[in-house]
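Asks: Sharing a model that was predicted from the sequence below.
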Amino acid sequence: MPDLLLELRSEEIPARMQRKAAGDLRKMLTDGLVEAGLTYEAAREYWTPRRLALDIRGLTARSKDIREEIKGPSTTAPEQAVQGFLRKAGLSSIGEAHVHSDPKKGDFYVAHISKPGRAAEEIIAELVPGIIKSFPWPKSMRWGPASAKPGSLRWVRPLQSIVCTFGPETEEPVIVDFEIDGIRAGNVTYGHRFHAPGAITVRRFDDYVAKLEAAKVVLDADRRKEIILADARNIAFANGLDLVEDEGLLEEVSGLVEWPVVLMGEFEQDFLTIPGEVIRLTIRANQKCFVTSRPISPLEGEMSGKPTEGTQREAPLSALPGISPSRGEIGQSPLSNRFVLVANIEASDGGKEIAYGNGKVVRARLSDALYFWRTDQGDLPDLDQLNESAAKFDLDLKKPLDQRMARLDHLNVTFHAKLGTQGARVERIKRLAEELAPTVASGDISPSRGEITALASRAAVLAKADLQTEVVGEFPELQGAMGRKYALLQGEHPSVAAAAEEHYKPQGPSDRVPTDPVSVAVALADKLDTLTGFWAIDEKPTGSKDPFALRRAALGVVRILVENRIRLALTSVFAKAFANFKGGADQSSDLLAFFHDRLKVYLRESGARHDLIDAVLSAGSRPISPTRGEIGQSPNDDLLQIVRRVEALGSLLDTEEGKNLLAGTKRAANILAAEEKKKTAIAETVEPALFREEAEKKLFAAVNQAEKEAGQAIQNEDFSAAMLALSVLREPVDSFFERVLVNDEDQAVRANRLALLARIRAATDQVADFSKIVG
């Protein structure tokens, strides 16, 4: 079967666009071929900075002939209907149609359409120009004299040549002939811009790849990544270092070179006093280079263990965990002053000048970073204007991070036009964190709940202070991480420093949740303030639009509460948070429903059945256990309790007793629903004197016992025990339906039996609405 080779060669394509563009090309062309009646065995896309390529194997040489019948109107139909049929069928006159007969409908017109198959080359020559003209680049350009004409070709960078060959392996492939804006498809491509700029004639994909390789072009992006990573590891190892791997940077760099040559550059040791994250981001952002680390000796490993609290408060820069010279993050090896770069050329001097030139640029950028780092540790020039803000937040203006927080408030930096300034937001987060701190502090812990509340208050005040630092201004992605470092530098409690970074977590489904009570309190306060604020101004997510990442914030709250096993009555917290927004409506019910949706997403991704979640959420309210204190809201505002009920319900339904109980309970619920719809009388209470069958008496006794034991277990928040108590209903429910006719002729007996079924429903509704469960 024939194969198709297509290459679109241009000036350098931005690295971030290459992978998607190659995938788009494959999809657009293969979809078009299939729609035209061709089939293929396999298709794979390739890309380099200067070309998109497609290899399609086993493509049929010709589309099949098509014969179809288009049914038309009756032969007695009005002229307007006949003309519509002719246009649809592509006939010039009704004489070209056939007449078919139907015993019921009579005679009607039918068009017999025959379409001969088309050669694949013809289809390809028609498809490719259309794909090129409509290609979905995020950004595109016009060029040359033709660019002045309306409708001229647009491409991400000037398109220079097109290769398009087609044919089987046993024969010489043909060039698929087409032209677009003066560029005619052929069988000639070009290799590396500097090493092999001459023309290369290719036949099919295999020799295309081989000839490009000989011309210093590695076509496969994944192979370029493998070469870069292997050579970078080897050059680092040869210098006694470890490569600090970065998948995102590796993907980008592989899109910048066609012939990767890995080199090593260096900068002065003095720059290693800058935090590792800053060094890494500076070198990554400006020069697309990898940093290296120095392996930690066993002695250093012991010394880098977690210091005591006193050490963290008083230690100088060089002794602090995570911010010692050249350290990247807590627990990482210290960075070295060597970096790995990837060139696109084999230089005659072995790359010395390339490495030296990159080193000069890196030194200049690191000089800026060092200036930012030192400036952030000094006093602000407008310190005398910050006293009022300092008093508001009880800040110590002798401390650099306190100064930055005071300035954030003093400058009235806007958080959102309808939600006020960052300073006002910090005040709200502080109040909420103080409310939440006693709840998130659990068990016999040290420090005490009171100390945790004080630490949470301090952490909330400093959490956004690093937004006014020079480093975060240059590298916004370091917000939080730099707050932690600056907090440790000025002697803050380790939990306060950790909260500056961890209150942003989790930032995605794979990100870890904070566990330190102070971090948890501030993280919850930050996210809940955001959610209640945007609900108060009616800026909620709609469809796929969520510009303020509110779904992520809610899912973060869900994960923090569930994974830390924290009991929290959300409606109570919502009420306090909504009270912070003057004029905003309390939308606690709507926001709680939003949290239920996020909880469903979280539980489904964890493997829970969606119907069990709905069953638990739909269950009616019940008395609140004493441990919930003053709150007195529906248990559905306690996400951890919902999760425990879902887990217990799932365990029950995995047993034979649970499955049978579900069947019996759903039968009772269905009978009740039917009778309630017919407005059949149902007794208010069950009257034992009206029992006529032994099965009624046994079921009544079992319901009383199960209701009591399940209720007590729920009060004790032992949902497994509650499910076990309900499981004893299985046998008496089965016996009742086998021996008792619910719809007795005696109206009083019937009403009494229906009341007994209502008791079954009420007993199980304490934990879940069984009618929502599938099965």
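Replies: That came through, no problem.
Asks: Report the helix or strand with the lowest average pLDDT across the chain.
Replies: Least confident helix or strand of the chain, by mean pLDDT, DSSP states H and E, is helix 309-314 with a mean of 32.
Asks: what pairs with the helix or strand just after it, and is each one parallel or antiparallel?
Replies: Sequence order places strand 335-343 as the next helix or strand after helix 309-314, per DSSP states H and E. Here strand 335-343 has these sheet partners by DSSP bridges: strand 261-266 (antiparallel), strand 290-293 (antiparallel).
Asks: if you average pLDDT over strand 335-343, what comes out?
Replies: The average pLDDT for strand 335-343 rounds to 96.
Asks: In the stretch 501-650 of the chain, where is pLDDT below threshold?
Replies: 583-585, 620-635 (pLDDT under 70).
Asks: Apply 50 and report the result again.
Replies: Residues of the stretch 501-650 of the chain meeting the criterion pLDDT under 50: 620-634.
Asks: Strands of that one, residue ranges please.
Replies: With DSSP state E, counting those that start in this stretch as the criterion, the stretch 501-650 of the chain has no strands.
Asks: Tell me both backbone torsions, phi and psi, for the most centrally placed residue in the chain.
Replies: The residue lying closest to the centre of the chain (CA atoms, centre = their mean) is G508, at 5.9 Å. Backbone torsions for G508, taken as degrees, to the nearest 10, come to phi -180, psi 170.
Asks: For K418, see how far away the residue nearest to it when sequence neighbours are not counted is.
Replies: Nearest in space to G508, with sequence neighbours left out and distances taken as CB to CB, 6 or more residues apart in numbering, is R552 at 7.3 Å. C-beta coordinates here come from the backbone N, C-alpha and C atoms, glycine included. As for R552, its distance to K418 is 20 Å (criterion: CB to CB, to the nearest Å).
Asks: When these two are compared, which one has more neighbours?
Replies: Ranked by neighbour count (other CB atoms under 10 Å), R552 and K418 place R552 first, with 17 against 14.
Asks: Show me where the stretch 401-550 of the chain has its helices.
Replies: Here the stretch 401-550 of the chain has its helices, by DSSP state H, counting those that start in this stretch, at 422-440, 449-462, 470-474, 481-489, 494-502, 517-536, 550-563.
Asks: Pipe those helices into a markdown table and attach distance to I70 per row.
Replies: Listed next are the helices of the stretch 401-550 of the chain as a markdown table, based on distance: least, CB to CB, whole Å:
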| stretch | distance to I70 |
| --- | --- |
| helix 422-440 | 66 |
| helix 449-462 | 72 |
| helix 470-474 | 67 |
| helix 481-489 | 67 |
| helix 494-502 | 67 |
| helix 517-536 | 55 |
| helix 550-563 | 49 |
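Asks: Looking at the ones you listed, spot the one closest to I56.
Replies: Across the helices of the stretch 401-550 of the chain, the minimum distance to I56, taken as CB to CB, is reached by helix 550-563, at 39.6 Å.
Asks: what comes up buried for that closest one?
Replies: For helix 550-563, the neighbour count (16 or more other CB atoms under 10 Å) marks 550, 552-563 as buried.
Asks: quick one: which two of the residues you listed are the most distant?
Replies: Maximum pairwise distance among the buried residues of helix 550-563 (CB to CB): 20.1 Å, between L550 and E563.
Asks: thinking again about what came up before, looking at the helices of the stretch 401-550 of the chain, which is closest to E122?
Replies: helix 550-563 (49.0 Å).
Asks: thinking again about what came up before, residue contacts, the residue nearest to G508?
Replies: Contact analysis of R552 by CB atoms under 8 Å, 6 or more residues apart in numbering lists Q507, G508, D546.
Asks: from those residues, which is closest to F581?
Replies: D546 (20.1 Å).
Asks: OK, contacts around the closest one?
Replies: R552.
Asks: if we can go back for a sec, in a markdown table, list the buried residues of helix 550-563 along with distance to V174.
Replies: Below are the buried residues of helix 550-563 laid out as a markdown table (distance: CB to CB, whole Å):
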| residue | distance to V174 |
| --- | --- |
| L550 | 57 |
| R552 | 53 |
| A553 | 58 |
| A554 | 59 |
| L555 | 55 |
| G556 | 58 |
| V557 | 62 |
| V558 | 60 |
| R559 | 59 |
| I560 | 63 |
| L561 | 66 |
| V562 | 63 |
| E563 | 62 |
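Asks: Just give me the closest of these to I235.
Replies: Among those, and counting by CB to CB, the member closest to I235 is R552, at 39.0 Å.
Asks: any idea how far that closest one lies from R753?
Replies: 51 Å.
Asks: Equivalent analysis for L8, please.
Replies: In this view, L8 and R753 are 77 Å apart by CB to CB.
Asks: F574 against A593, yeah?
Replies: No - at 11.6 Å, F574 does not count as touching A593 under the criterion of CB atoms under 8 Å.
Asks: Neighbour count for the two, which is higher?
Replies: F574 (24 against 12).
Asks: Look up how far Q766 lies from G711.
Replies: With distances taken as CB to CB, G711 is found 6 Å from Q766.
Asks: Alright, I will stop here.
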